[in-house]
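# below are the sequence and a predicted model for it; my questions follow.
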Amino acid sequence: MAVQQGHAPAAGTPTLGRTFARLIPFVKPILPRLFFGFLCALLAGVVALTIPQVLAWLVNNVLHPEGRGSEVWLAVGLVAALGALEALLVFLRRQFVITPAARLETQMRVRLYAHLQQLPVAFHERWGSGQLLSRSMGDLSLLRRWLAFGAMMLVVSTVTVIAGLTLMFSSSWVLGTIYLAGAIPISIKAFHFRNNYRAASRLSQDQAGDLATAVEESVHGIRVIKAFGRGRHMYDGFNTRAEQLRDTEVSKAKTLASFILYVVAIPETTLGLGLVAGLWLTAQGELSVGALVAFFATATVLAGPVEHMGMLMGMTLTTKTALDRHFEVMDTNNTITSPGSPVSPTDPRGELELRNVLFRFPDTPATAAPLLRGVNLHVAPGETMALVGMTGTGKSTLLQLVPRLYEATGGQVLIDGVDVRDRDLVELRRDVAVAFEDTILFSSSIRDNVLLGATGLDGPELDALLEDAIDTAQAGFARTLPQGLDTVIGEEGLSLSGGQRQRIALARAIAARPRVLVLDDPLSALDVRTEEAVTQRLRTTLAGTTTLIVAHRPSTVALADKVALLRDGLIDDVGTHSELLARNEHYRFVIASLVDEESDIIPLQGGPLA
Ligand SMILES: Nc1ncnc2c1ncn2[C@@H]1O[C@H](COP(=O)(O)OP(=O)(O)OP(=O)(O)O)[C@@H](O)[C@H]1O
């Protein structure tokens, strides 16, 4: 199955305006602070522009033979005061803007996390973890930086440039026109820059996500990599990807640098032309020296904002890409949701029924047969049903239809006569507990892992439940760990053995006190003696719990009251192990192949299972 590498869709990329318009609901609550921040930034720009005017006044009115010394000191004091005021306004801008921008970043990150939690398993199977990581961390940090600095400075720089141009035109319309003529080639360059930079931004952000996925995968699979001595191979693959990202970043930086070169060089050139014209006009007596000084002093003040506008445009485009990537995930609809009016079973006993259930994966070609082609299965309340079949027949997939981790594409899955699609999702998943063969534990204490699904209890009752679940799953080893059940297990529980992890996961499923327990070969890593002990305890502890268990070992079938044989997308036969052995040739074949896998373990005929 293809994992989403996250590259930009060729068509349908929203416009700049449309992307940023989506920020409005998030920005609304922080608008007052942003406004004051903007005001401070604007005032700082105005103050900066006032300084050249004071200089012009100084040149025209004070710096001549009859000028008075006191006026010089007044002008110097005024320039110093304006400089201090500008610094204060910049400080206030930061104060106003930083906190709300950080709050907005957190809010959007938490929303994204909540959305990821709700999206179905099928979504997570499609998307690389690094892509989701980079979207929830890096992309939203870019947004914060843009909001706290980029957006504000872009507007302020634009306003400053417009105000500066007005002042320059008021000093001399000829010089102003010469200066403004530079805007034409800059605009043409800006058009090309926007397209190129946007594409490079998208590529670099996607490549960074893929690189994060590669790190995550190799850290996760470090044992396999080491065991197979593939460190060099993985390194080479990572190096290639890292170099691709570097190349993209370099090309992005070059695109920006060439744009900034235009943005800086063209005004400087027009200014040079303006200086020649200005000197000529002054010599002709058509322009005062003060006006000439004011014009060039204003142009000097504008040099900063004009250059910044180039960088800020680059920052804005990068942020737009980050937002597009964010909303791509947020716009993914959750297809597995609670209905508007959920139904609860009137007589909850844990009866499980599958009626003509069809299932096909979304990426299965339309011409291929569905994985499940009409499964009919009934598991009575309190009964334990083993699901047996050749590898790849869809046993694990079928189990996941019960708590709606996958959605049946046809037919019905019913618990106590109510279609699981009509149940409230939280309630349904409280009623159905799952333990998978590939155990997922969290990097918290054993206690927290086991009690993950145990809601509604506390104090001694919760402790008793914990102890009971640990005993039933034969997970007593956890009490001998350094801090007992409070021992924090490493990331994903990798500090435990495979069998220990499975027992903790089984204890977790038991502690959820489900009505229906769905077990996907949860005892596969256990030795037969431990498996037998677990099985014995499960029989008593789970006496009233309906259990559907995928069995990959004949020994696991011992847990079951009945066995269902899955074959070619259908339930081929249901009966006790002995009945199926006696009457179903395919069952004998399946069991024989399972026995082959552990031939030295289980005696079939006449043994405990027969
Ligand atoms: N997310 C997926 N997308 C597409 N196909 C999938 C997906 N997950 C599993 N499959 C395919 O569906 C088929 C059934 O998989 P499943 O894991 O349900 O089989 P299984 O009977 O439990 O196998 P096993 O006994 O080996 O555990 C397999 O051919 C598998 O490749």
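Great, that's in hand.
# in stretch 152-164, what's buried?
For stretch 152-164, a neighbour-count test (16 or more other CB atoms under 10 Å) marks 152-154, 156-157, 159-161, 163-164 as buried. The way it works is simple: take the backbone N, C-alpha and C, and place the C-beta from them, glycine included.
# and what of stretch 520-532?
So for stretch 520-532, counting by 16+ other CB under 10 Å, buried means 520-526, 528, 530-532.
# got any ranges where this structure has weak pLDDT?
By pLDDT under 70, the weakly predicted segments of the chain are 1-12, 63-67, 491-494, 558-559, 595-610.
# tell me which element the most centrally placed residue in it falls in.
Nearest to the mean C-alpha position of the chain, counting by CA atoms, centre = their mean, stands residue 132 at 3.0 Å. Following DSSP states H and E, one finds residue 132 within helix 129-136.
# identify all contacting residues around that helix.
4-6, 109, 112-113, 116, 205-206, 208-217, 325-326, 329 (CB atoms under 8 Å, 6 or more residues apart in numbering).
# keep only those of these that are in helices.
Mapping these onto helices (DSSP state H) picks out 109, 112-113, 116, 205-206, 208-217, 325-326, 329.
# filter those residues down to the buried ones.
Buried among these by 16+ other CB under 10 Å: 109, 112, 116, 205-206, 208-214, 217, 325-326, 329.
# and these, which is closest to residue 442?
Nearest to residue 442 among these: residue 116, at 15.6 Å, using CB to CB.
# please identify the buried residues of stretch 444-462?
For stretch 444-462, by 16+ other CB under 10 Å, it's 445-454, 462.
# what is the lengthiest helix in the chain packed up against?
Longest helix in the chain, counting residues (DSSP H): helix 231-283. With contacts taken as 3 or more CB pairs under 8 Å, 6 or more residues apart in numbering; DSSP states H and E, helix 231-283 sits against helix 173-181, helix 183-220, helix 289-330.
# quick revisit: in strands only, show me the buried residues of stretch 152-164.
Using DSSP state E, no member of the buried residues of stretch 152-164 falls in strands.
# need these in a markdown table (columns: distance to residue 551).
As requested, the buried residues of stretch 152-164 are arranged in a markdown table below (distance: CB to CB, whole Å):
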| residue | distance to residue 551 |
| --- | --- |
| 152 | 63 |
| 153 | 65 |
| 154 | 63 |
| 156 | 69 |
| 157 | 69 |
| 159 | 72 |
| 160 | 74 |
| 161 | 74 |
| 163 | 78 |
| 164 | 79 |
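# from those, which are also near the ligand?
The subset of these within reach of the ligand, by CB under 6 Å from any ligand atom, is empty.
# nearest to the ligand among those?
residue 154 (44.1 Å; CB to the nearest ligand atom).
# could I get the phi/psi values of the residue of the stretch 101-250 of the chain found nearest the ligand?
Using CB to the nearest ligand atom, residue 125 is the residue of the stretch 101-250 of the chain that sits closest to the ligand, at 4.7 Å. Here is the backbone geometry of residue 125 (degrees, to the nearest 10): phi -70, psi -30.
# the strands in the stretch 501-610 of the chain, which residues?
For the stretch 501-610 of the chain, the strands defined by DSSP state E, counting those that start in this stretch cover 516-520, 546-550, 562-567, 570-575.
# so which of the ones you listed comes closest to the ligand?
strand 546-550 (6.2 Å).
# report all helices and strands that that closest one contacts.
Strand 546-550 packs on strand 372-379, strand 384-389, helix 395-401, strand 516-520, going by 3+ CB pairs under 8 Å, 6+ apart.
# and the ligand, which of the ones you listed is closest to it?
helix 395-401 (3.3 Å).
# can you name the element that comes right after that closest one?
strand 410-415.
# mind listing what's buried in that next one?
411, 413-415.
# for stretch 476-494, give me every contacting residue.
Contacts of stretch 476-494 (CB under 8 Å, 6+ apart): 220, 439-447, 449-450, 466, 470, 495-496, 500-501, 503-504.
# keep only those that also lie close to the ligand.
Counting by CB under 6 Å from any ligand atom, no member of these is near the ligand.
# inside helices: which ones of those?
220, 446-447, 449-450, 466, 470, 500-501, 503-504.
# tabulate those residues (TSV), appending distance to residue 320.
Below are the ones in helices among the contacts of stretch 476-494 laid out as TSV (distance: CB to CB, whole Å):
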residue	distance to residue 320
220	32
446	46
447	46
449	41
450	46
466	50
470	52
500	48
501	44
503	50
504	45
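# so of the residues you listed, which two are at opposite extremes in space?
The widest separation within the ones in helices among the contacts of stretch 476-494 (CB to CB) is 28.7 Å, between 220 and 466.
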